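J.: When you get a sec, could you give me coordinates for this:
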Amino acid sequence: MDAIHPGIWAILVYAAVLLIGGLLGYRLSKSKASLWTGLAFAFILLSAFAYAVLGATVLSGELSLVDPRWAFLTDSESVALFCAVVVSAILSLFFALRWFHTRKVVPSGVFFLISGASLVIFLLSLQTSLKPE
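T.: Okay, here's the model as predicted:
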């Protein structure tokens with residue numbers, strides 16, 4: 001078995017942070033939105049992590065009819081990293097807007113910084129994942 005790309009492990013860490021953040025948001029301020037959002041995004045990222053680790057047995061070779069620009073979607077690690085980029089971009093934007101609106105560093109500012117750093121990590125990992133060896 002090949003070694004797992006470090007960016008894939010970052011997906012697992014980011015999912016754990018989102019899950020813990022959602023649970024803490026519910027526990028400290030009874031925010032059901034924090035709970036469900038944290039659970040939903042953590043589930044998406046955990047699914048992406050599992051897909052990357054288990055491999056793309058279903059999609060291998062099945063995407064030959066897809067536009068060549070999307071050929072990277074046949075690699076399970078690239079798909080997982082692409083999913084993580086989308087999730088972290090959405091959350092970065094959300095927390096940036098919320099931080100700008102509320103001017104509160106906790107939790108919006110902290111999660112903006114975490115999501116922004118995760119976005120950079122996932123983009124760099126996706127770039128290295130797509131480079132031919």
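J.: Now do the helices for this protein: every range, in order, please.
T.: 6-29, 32-54, 76-102, 110-130 (DSSP state H).
J.: Counting neighbours, what do you get for the residue lying closest to residue 32 once chain neighbours are set aside?
T.: Spatially, and ignoring its direct neighbours in sequence, residue 32 is nearest to residue 26 (6.6 Å; Cβ to Cβ, 6 or more residues apart in numbering). All C-beta atoms are positioned from the backbone trio N, CA, C, and that covers glycine. The number of residues packed near residue 26 is 17, by other Cβ atoms under 10 Å.
J.: Now do the buried residues in stretch 111-118.
T.: 111-112, 114-116, 118 (16 or more other Cβ atoms under 10 Å).
J.: From the residues you listed, pick the one nearest residue 85.
T.: Among the buried residues of stretch 111-118, residue 118 lies closest to residue 85 (Cβ to Cβ), at 9.1 Å.
J.: Hmm, residue 86 and that closest one touching each other?
T.: No. With contact defined as Cβ atoms under 8 Å, residue 118 does not count as touching residue 86 (11.7 Å).
J.: Can you point out the buried residues in stretch 5-25?
T.: For stretch 5-25, by 16+ other Cβ under 10 Å, it's 5, 7-8, 10-12, 14-15, 17-19, 21-22, 25.
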